[in-house]
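S.K.: Fold the following, please.
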Amino acid sequence: MYALRSKSVFVDGKFIPADLLIEGSIIIEVSKYGSYDKVIDFENRKILPGIVDLHCDGIEKEIEPRPGALFPLDMAIIEFDKKLALQGVTTIFHGISFEDEELQKVRTNEYAREIVERIHFMQNNNTTLVDNFIHLRFEITNHQGIPLIKELIADKKINILSIMDHSPGQGQFKTLESWKKYHLNTYDLKESEIGKYLKEKFSRRKMGYVEELTKFAKDYGIVLLSHDDDCKEKLNTLRALGVSISEFPLSLDVAKDAKDMGMGVGMGAPNVVRGGSQSGNIAARLLIEEGVCDYLCSDYHPSSMLLSPYKLRDEINLPIEKGFEMITSIPAKLIGLNDRGTISKAKLADIIVVDESFYPRVVFTVKKGNIIYNSYDLKSTYKKIFSIT
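M.R.: Numbering: from 1, shown residues only. Here you go, the predicted structure:
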């Protein structure tokens, strides 16, 4: 058992002076400031819930930082997990894409399955520092992957599932040229191969496969998301399939339509930090200003999560408390993780401490009561907890 103290603890949507008493993996009391004699006193530094990230593709770059340069899975997972602890992300949903076999090794069905299996094994054998969950991203033309994905779902190795369509002419790639620009630069695909590849891809673009998979996933209680929604008609189709969250809607109108349908809406924290979408789509801050974006995810850049509430405060006058809720309590609530995302009695002791003296940075991370990162005051901290002389 130990206690944390600060004059700036994020409780019930506001910052207050408080002491937190932690026993085992749980916050057992949020107490009046000054309640305990032996505490780790963080003075004015912010104490926040750990960040909950519903969509992060960063593990793919950890595995394959350059095309064809693959690193061992165990190494990639462990090293990426350590980075998350330093960045204050205590719950991560790795976006593992099951796409068309021809394009990228880490997104082929068998290799993507290997990634999922390994993350699941390491999570369930206490090898990781933070909670590493799976957000399976299903490309609708990848019907050959459905039996394998069903098996992973039945084995309870998938936590949430999103539906993607990266065909040109809709969604993220409105034109063939935008599709070619991205895919020729990103994948091992030659200009001469595009015609054949797209012909085969369009021939597999059948919603019957999507209905089959989403029904199966719903039977296992998996939350369904969509990806790059571009029109109300697509939203209607997806909503009928049970999709409850729209990720990265491509226009303000589509985001409004999603909210009108009772869906949650998520955008990327890198979009906020950079001031716009890297692919030229709508700026996240516009949706936030209009009140039609519920949460932020890291997409491909976890370190953007912590900075995004500060950017929103400074650039669109969003109260920083609202910004922090967009990366903690709201994403947790949207997918039913009711044991985390807030600092309150009986919740998991997933806690981060942020020092703002030069630049917002995490200096202390607690996961389920365990201190997994500390750059605050190493010697005195451990002395207070473990009576080290």
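S.K.: switch to C-alpha atoms for all contacts and neighbour counts from now on
M.R.: Fine.
S.K.: Enumerate every residue touching D53.
M.R.: D53 is in contact with 89, 91-93, 296-298, 327, 331, counting by C-alpha atoms under 8 Å, 6 or more residues apart in numbering.
S.K.: Point out where the chain drops to low pLDDT.
M.R.: Scanning the chain for pLDDT under 70 picks out the ranges 100-106, 166-208, 378-389.
S.K.: domain parsing for it?
M.R.: Domain assignment for the chain by automatic domain parsing gives 2-48+343-386, 51-334.
S.K.: Quick one: mark the members of the contacts of D53 that sit in helices.
M.R.: Counting by DSSP state H, the contacts of D53 place P331 in helices.
S.K.: any chance of the contacts of D53 in a markdown table, with neighbour count and distance to S162 too?
M.R.: Listed next are the contacts of D53 as a markdown table, based on neighbours: other C-alpha atoms under 10 Å; distance: C-alpha to C-alpha, whole Å:
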| residue | neighbour count | distance to S162 |
| --- | --- | --- |
| V89 | 31 | 21 |
| T91 | 24 | 18 |
| I92 | 23 | 15 |
| F93 | 22 | 12 |
| L296 | 34 | 16 |
| C297 | 29 | 14 |
| S298 | 27 | 16 |
| I327 | 28 | 19 |
| P331 | 24 | 15 |
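S.K.: so which of the contacts of D53 comes closest to T214?
M.R.: T214 has its nearest neighbour among the contacts of D53 in F93, at 18.7 Å by C-alpha to C-alpha.
S.K.: Report the beta-bridge partner residues of that closest one.
M.R.: For F93, the beta-bridge partners under DSSP bridges are F133.
S.K.: N132 is in contact with that one, correct?
M.R.: Yes. With contact defined as C-alpha atoms under 8 Å, F93 counts as touching N132 (6.2 Å).
S.K.: what's near enough to touch L70?
M.R.: 63-64.
S.K.: In space, what's closest to P309 - neighbours in sequence excluded?
M.R.: G323 (4.2 Å; C-alpha to C-alpha, 6 or more residues apart in numbering).
S.K.: mind listing the strands for the stretch 201-350 of the chain?
M.R.: When assigned using DSSP state E, counting those that start in this stretch, the strands of the stretch 201-350 of the chain occupy the ranges 223-227, 245-247, 264-268, 295-297.
S.K.: Of those strands, which stretch is the most buried?
M.R.: Stretch with highest mean neighbour count among the strands of the stretch 201-350 of the chain: strand 295-297 (a mean of 30; mean count of other C-alpha atoms under 10 Å).
S.K.: Which strands border that strand, and is each parallel or antiparallel?
M.R.: Next to strand 295-297 in the sheet, as set by DSSP bridges, lie strand 264-268 (parallel).
S.K.: tell me the angle the partner strand makes with strand 223-227.
M.R.: 50 degrees (axes from the mean of the first three to the mean of the last three C-alpha atoms, to 10 degrees).
S.K.: Centre of the chain to strand 264-268, how far?
M.R.: Offset of strand 264-268 from its chain centre (C-alpha atoms, centre = their mean, to the nearest Å): 10 Å.
S.K.: contacting residues around that strand?
M.R.: Here strand 264-268 makes contact (C-alpha under 8 Å, 6+ apart) with 244-249, 255, 258-259, 284, 292-299, 334.
S.K.: would you list the strands of the stretch 201-350 of the chain in CSV and tack on distance to G275?
M.R.: Putting those into CSV (distance: least, C-alpha to C-alpha, whole Å) gives the following:
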stretch, distance to G275
strand 223-227, 20
strand 245-247, 18
strand 264-268, 11
strand 295-297, 14
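S.K.: Identify whichever of these lies nearest to K38.
M.R.: Per C-alpha to C-alpha, nearest to K38 of the strands of the stretch 201-350 of the chain: strand 295-297, 36.2 Å.
S.K.: ok, K345 touching E23?
M.R.: No. Contact criterion C-alpha under 8 Å: K345 and E23 do not qualify, at 11.1 Å.
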